[in-house]
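Engineer: coordinates only, no sequence provided:
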């Protein structure tokens, strides 16, 4: 990490962690892997980053729940195409959500939503799942998921610090990029598969 960025982070900690929370609302998994690597090389400490990432991801969950509970129809009509939200996959999720919502929420959190995290969170709001239960289940899943992703990033950071040559470091960086691309590709694949499936 560049020296100026380290100095900025040290002198503006509140601003840095606020930014982490905001970005984690949008792309928590990728950010978690990235910061896992930074923790390994000593630029950040584990617990503040862990709780900032958790807070950001859970804040995103609260926002999607609120949108689903209050504005689902209008939101899907106007912005659904940007979030893989269609009447079809919303309908599929809704049909099974009342009976299995606890399992769906925990599995969704631990698998980055099988590519349909936003759908799952909005349907939770649409079907009026009690908010206390909703946030408790998501908190439990997020606790483990954030830890796992930070662990992946930490492992990649460990490989990077042990690589002695420029080629070795470039190889580890390439592996890091491949992990992020694989995560994104997995989510897209599962989204397409679930959307095409018949429930």
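Structural biologist: Everything's here; your move. Predicted model only: the values in this text are computed from it and were never measured.

Engineer: what segments of the chain are strands?
Structural biologist: Shown for the chain, no strands are assigned by DSSP state E.

Engineer: regarding it, what is its longest helix?
Structural biologist: helix 46-79 (DSSP state H).

Engineer: run the chain-centre distance for that helix.
Structural biologist: 10 Å (Cα atoms, centre = their mean, to the nearest Å).

Engineer: now do the buried residues in that helix.
Structural biologist: The neighbour-count check on helix 46-79 (16 or more other Cβ atoms under 10 Å) flags 49-50, 52-58, 60-62, 64-65, 67-69, 72, 75-76 as buried. Heads up, the C-betas are built off the backbone N, CA and C, glycines and all.

Engineer: again, but for stretch 85-103
Structural biologist: 85, 89, 90, 92, 93, 94, 97, 101.

Engineer: tell me how far the first one lies from residue 117.
Structural biologist: Think residue 85. Using Cβ to Cβ, to the nearest Å, residue 85 is found at 11 Å from residue 117.

Engineer: just the last one next, same as before
Structural biologist: Separation of residue 101 from residue 117 (Cβ to Cβ): 14 Å.

Engineer: export the buried residues of stretch 85-103 as CSV, with columns for distance to residue 41 and pLDDT.
Structural biologist: Converted to CSV, the buried residues of stretch 85-103 look like this (distance: Cβ to Cβ, whole Å; pLDDT from 0 to 100):
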residue, distance to residue 41, pLDDT
85, 38, 73
89, 40, 71
90, 42, 78
92, 43, 74
93, 40, 75
94, 45, 81
97, 42, 79
101, 40, 81
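
Engineer: among the residues you listed, which one sits closest to residue 141?
Structural biologist: residue 101 (12.8 Å; Cβ to Cβ).

Engineer: nearest spatial neighbour of that closest one, skipping sequence neighbours?
Structural biologist: Using Cβ to Cβ, 6 or more residues apart in numbering and skipping residues adjacent in sequence, the residue nearest residue 101 is residue 129, 5.4 Å away.

Engineer: all the helices of this protein, in order from the start?
Structural biologist: For the chain, the helices defined by DSSP H cover 3-11, 13-40, 46-79, 87-110, 117-126, 131-162, 166-196.

Engineer: would you single out the least confident of those?
Structural biologist: Set side by side, the helices of the chain give their lowest mean pLDDT on helix 166-196, at a mean of 62.

Engineer: quick check, residue 94 in contact with residue 126.
Structural biologist: Yes. Contact criterion Cβ atoms under 8 Å: residue 94 and residue 126 qualify, at 6.7 Å.

Engineer: measure the closest residue to residue 66 other than its chain neighbours to residue 72 for me?
Structural biologist: Excluding its sequence neighbours, the residue lying closest to residue 66 (Cβ to Cβ, 6+ apart) is residue 125, at 6.4 Å. From residue 125 across to residue 72, the span is 7 Å (Cβ to Cβ).
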